[in-house]
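>>> Provided below are the primary sequence and the corresponding predicted coordinates.
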Amino acid sequence: MLFGLILLLSACGSPDVSTPAPTPEAINVTYPPALQAWADQLANCAADKPQIALYFIQSETLDTTIRANDIMLKLGQSTPDNSDSFLSQVGWEQVVVVVNTDNQLSQLSTDEVKIIFSGQLAKWGNGSGQPIQVWVSPEGESTRKIFNHVVMLDHSLTTEAMLAPDPAAMLEAISKNIDAIGYLPESLLATVRPSDSSKVKIVQLESSLETELHQPVIAVTQTEPSGLLRSLLVCLQDVTP
């Protein structure tokens, strides 16, 4: 009996203590709606990194207070909002003019784009004679700021323009109306429902205008990125939408 009791006690020894999994590092990503595809790519970059927990905030107004684990994505030329921020270019985004695929229009000169969006040309000259339905983004939205700065210059947008709350809404509107025209970040066309993107086509513009609408995508961090932040941004550069 004594021998059996010894065996029983030795079999009931202390259980193995497993090492707890490390707590993921929280990283906040703020981005405008125009860069939804870029935010999606960041999520893909973090998918195989269990040590990272990404939290996304979609906002056109970017907070100038950048914390150590923050990434703010911006579209277009940018300068630091304060002395603590650091800018890294992660790629390029093309702002494109789009129409419904049933519209016969295939190309526009720079002057034609201006007179359409300013309302000086109110009807399509492709034989339909239908009113042109111009779509624009809200004032302050990233693609609108770029479009106005590059294209409109001294021209004002037509007061008859339809307002889309974000690029995805503009895409949906143009996909449903043969007489609609607007502008979008090109990366959006590859990330939306096929039923929307298949009904929208890009209008060819003059090469000089297309070049000006080719804009950098900037990642703003508090300081020069290192560690997990750096690995995320390097991944984003490698998988540009």
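Received, thanks. Bear in mind the structure is a predicted one, so any value in this text is a computation, not a measurement.

>>> Ser208 contacts Ser109, doesn't it?
No: contact criterion Cβ atoms under 8 Å: Ser208 and Ser109 do not qualify, at 10.6 Å. (C-beta placed from N, C-alpha, C; glycine too.)

>>> joint contacts of the two?
Common contacts of Ser208 and Ser109 (Cβ atoms under 8 Å, 6 or more residues apart in numbering): none found.

>>> which residues of this structure score low on pLDDT?
1-22, 62-64, 78-84, 126-128, 192-197, 240-241 (pLDDT under 70).

>>> Can you give me the domain assignment for it?
Using automatic domain parsing, the domain parsing of the chain gives 26-91+216-238, 93-214.

>>> Next up, the contacts around the residue nearest to the spatial centre of the chain.
What sits nearest the mean C-alpha location of the chain, by Cα atoms, centre = their mean, is Leu35, with 0.8 Å. Residues near Leu35 by Cβ under 8 Å, 6+ apart: 73, 75, 93, 142, 185, 187, 217.

>>> What distance do you get for Pro225 to Gln215?
To Gln215, Pro225 is 21 Å away according to Cβ to Cβ, to the nearest Å.

>>> So what touches the helix or strand hosting Ala173?
Using DSSP states H and E, Ala173 sits in helix 167-175. With contact meaning Cβ under 8 Å, 6+ apart, helix 167-175 is reached by 33-34, 36, 98-100, 135, 137, 143, 162, 164, 180-185, 188-189, 192, 195-200.

>>> Now do the following helix or strand past it: which elements does it pack against?
Following helix 167-175 in sequence order, the next helix or strand is strand 180-185 (DSSP H and E). Using 3 or more Cβ pairs under 8 Å, 6 or more residues apart in numbering; DSSP states H and E, the elements in contact with strand 180-185 are strand 86-100, strand 133-136, helix 142-147, helix 167-175.

>>> Between strand 180-185 and the last one, find me the angle.
Using axes from the mean of the first three to the mean of the last three Cα atoms, to 10 degrees, the inter-axis angle of helix 167-175 relative to strand 180-185 is 150 degrees.
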